[in-house]
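J.: sequence-free structure coming up:
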Ligand code: HAM
């Protein structure tokens, strides 16, 4: 295929059967979120570039290097959203959702970052995110963490480790930043080049460095936890008490700072050792200043977002993705009149048995050819209509998944017969209206 007809690097097609796995995870996540009172928002993929610069931060990697930014025909600078929080806050302000009331929202969909693609890291990736507004205490943080934990539990995932930190108040963070810069300036010549640059622009991000020499310098660096004021300390220890009460295990990491500037107070991340380098499956934290920063009334806020691709890789590695269900029934029709009758009968069956998975033969073919198609799809049962069946207003049932005599059933009794043959305890139930 010529080069320009391929998908863009880092952008993936999601095809069956994988798309059924996406649907499965999305259904479980939406059920868990809705059960806890989170309502779904559907937000634009494109926003004004300034929204991201003002929220994520102009000197973050995301805004500096990774956004898909373009001028539209009016000359406005727009960007494909690299994450969902900024747009969610923007929408909340625009629609008056954040005027002092509590809001629990969630979203899903594609995000775009021009990162170097590798396993678990893509340029178009998908998040499911949850954001809670108007609640300042650690109880909402515990709730959000418990919602994520419930999702892991419903998906039967293990090897997910929760890490927590607190960045304190804006003042705590400023004092810490000063101390960190002072310390690192003493070691400037031994720092890697990226970290030296960040010393000027975004020193807290140096804490994320994976470069060995820098890590060694960091091991004796000042820690944010020593700079928290009494209120921030009390808040953080209350959160830990809530998590203990909920039985949710966590690890503390004073170097967890996150790559977005809007965080204040608690930050957290769920990582796994099962995916290699791209180990963060779900991350988030508190961002109490953002709503006011974007022009809304001061509103405390906290949230998280999980990466769908990483969650699916983990679920796959742990064998937790359900088998994709083949059609239960394949409708074989011999001749044109039978084909028309079969179409009508198939529609009637789909009406009365809403969960029935029925594929109709289309495009004719011999009995043998049609049964071959049915077998290839993995159907359990073939319904056959030919001249004889038409004359007697009957349908022949041929079992494809077991040795059994074929049977004939009156067309009018077909749905009753299918309900009898296909009901089983593992979700093959064709359903009733
Ligand atoms: P983030 O840490 O930038 O936070 O992204 C959240 C999650 O998205 C990551 O933990 C990871 O699973 C996934 N992710 C990020 N980049 C990629 C990529 N290039 N390819 C695949 N997956 C990726 C945020 O986006 C914040 N908005 C989270 C948040 C919500 N904080 C408060 N509320």
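T.: Looks like it came in fine. Keep in mind the model is a prediction, meaning the values are calculated, not measured.
J.: The strand or helix carrying residue 132 packs against which elements?
T.: Residue 132 is part of strand 124-133, with elements assigned from DSSP states H and E. Strand 124-133 sits against helix 18-35, helix 85-94, strand 103-112, helix 138-154, strand 301-307, helix 308-317, with contacts defined as 3 or more Cβ pairs under 8 Å, 6 or more residues apart in numbering; DSSP states H and E. For the C-beta atoms, the positions are set from N, CA and C on the backbone; glycine is no exception.
J.: what about the shortest one, near the ligand?
T.: Looking back up the chat, that one is strand 301-307. Yes - for strand 301-307 and the ligand, the contact criterion (Cβ under 6 Å from any ligand atom) is met by 303-307.
J.: Just send those back as CSV, with pLDDT, neighbour count and distance to residue 237 too.
T.: Shown next, in CSV, are these (pLDDT from 0 to 100; neighbours: other Cβ atoms under 10 Å; distance: Cβ to Cβ, whole Å):
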residue, pLDDT, neighbour count, distance to residue 237
303, 98, 25, 22
304, 98, 25, 21
305, 98, 22, 26
306, 98, 23, 26
307, 98, 23, 30
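J.: quick one: which of these is nearest residue 103?
T.: Minimum distance to residue 103 across the residues of strand 301-307 next to the ligand is 10.8 Å, recorded for residue 303 (Cβ to Cβ).
J.: tell me the contacts of the residue of the stretch 201-350 of the chain found nearest the ligand?
T.: Of all residues in the stretch 201-350 of the chain, the one sitting closest to the ligand is residue 307 (2.4 Å; Cβ to the nearest ligand atom). Listed by Cβ atoms under 8 Å, 6 or more residues apart in numbering, the contact set of residue 307 reads 120, 125-127, 280-282.
J.: Go back to these and keep what's next to the ligand.
T.: With Cβ under 6 Å from any ligand atom as the criterion, these include 125, 127, 280-282 near the ligand.
J.: Please produce TSV containing these, extended by neighbour count and pLDDT.
T.: Below are these laid out as TSV (neighbours: other Cβ atoms under 10 Å; pLDDT from 0 to 100):
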residue	neighbour count	pLDDT
125	21	98
127	22	98
280	16	96
281	26	98
282	26	98
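J.: and which of those is nearest residue 135?
T.: After measuring those against residue 135 - Cβ to Cβ - the closest member comes out as residue 282, at 19.5 Å.
J.: Settle this for me: that closest one is touching residue 303, isn't it.
T.: No - the criterion here is Cβ atoms under 8 Å, and residue 282 misses it with residue 303 at 10.7 Å.
J.: With distance to residue 88 as new columns, can the contacts of residue 307 be given to me in a markdown table?
T.: Below are the contacts of residue 307 laid out as a markdown table (distance: Cβ to Cβ, whole Å):
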| residue | distance to residue 88 |
| --- | --- |
| 120 | 24 |
| 125 | 17 |
| 126 | 15 |
| 127 | 11 |
| 280 | 20 |
| 281 | 20 |
| 282 | 16 |
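J.: so which two of those residues are the farthest from each other?
T.: 126 and 280 (14.6 Å).
J.: so where is the stretch 1-150 of the chain shaky, pLDDT-wise?
T.: Applying pLDDT under 70 to the stretch 1-150 of the chain flags residues 1-3.
J.: Residues of it that sit close to the ligand?
T.: Checking the stretch 1-150 of the chain against the ligand by Cβ under 6 Å from any ligand atom, the hits are 83-85, 113, 115, 121-122, 125, 127, 129, 131.
J.: Let's see that with 5 Å instead.
T.: Proximity of the stretch 1-150 of the chain to the ligand (Cβ under 5 Å from any ligand atom) is limited to residues 83, 85, 113, 115, 121-122, 125, 129.
J.: Just give me the closest of these to residue 37.
T.: Nearest to residue 37 among these, counting by Cβ to Cβ, is residue 129 at 15.6 Å.
J.: Dig out what that closest one forms beta bridges with.
T.: On the basis of DSSP bridges, residue 129 is bridged to residue 107, residue 305.
J.: who are the neighbours in contact with it?
T.: 83-85, 88, 106-108, 284, 303-306.
J.: What degree of burial does residue 269 show, as a neighbour count?
T.: Other residues within reach of residue 269, judged by other Cβ atoms under 10 Å, total 20.
J.: can you check residue 251 too?
T.: Neighbour count for residue 251, taken as other Cβ under 10 Å: 11.
J.: could you list every residue that touches it?
T.: 161-164.
J.: run the last query once more with 6 Å
T.: For residue 251, the contacting residues are residue 163, by Cβ atoms under 6 Å, 6 or more residues apart in numbering.
J.: give me phi/psi at it?
T.: Reported as degrees, to the nearest 10, the phi and psi values for residue 251 are phi -130, psi 150.
J.: element containing the closest residue to residue 61 other than its chain neighbours?
T.: The shortest distance from residue 61 to any non-neighbouring residue, by Cβ to Cβ, 6 or more residues apart in numbering, is to residue 259 (6.1 Å). Following DSSP H and E, there is no helix or strand that holds residue 259.
J.: tell me the phi and psi of residue 259?
T.: Note on residue 259: backbone dihedrals following degrees, to the nearest 10 are phi -90, psi 10.
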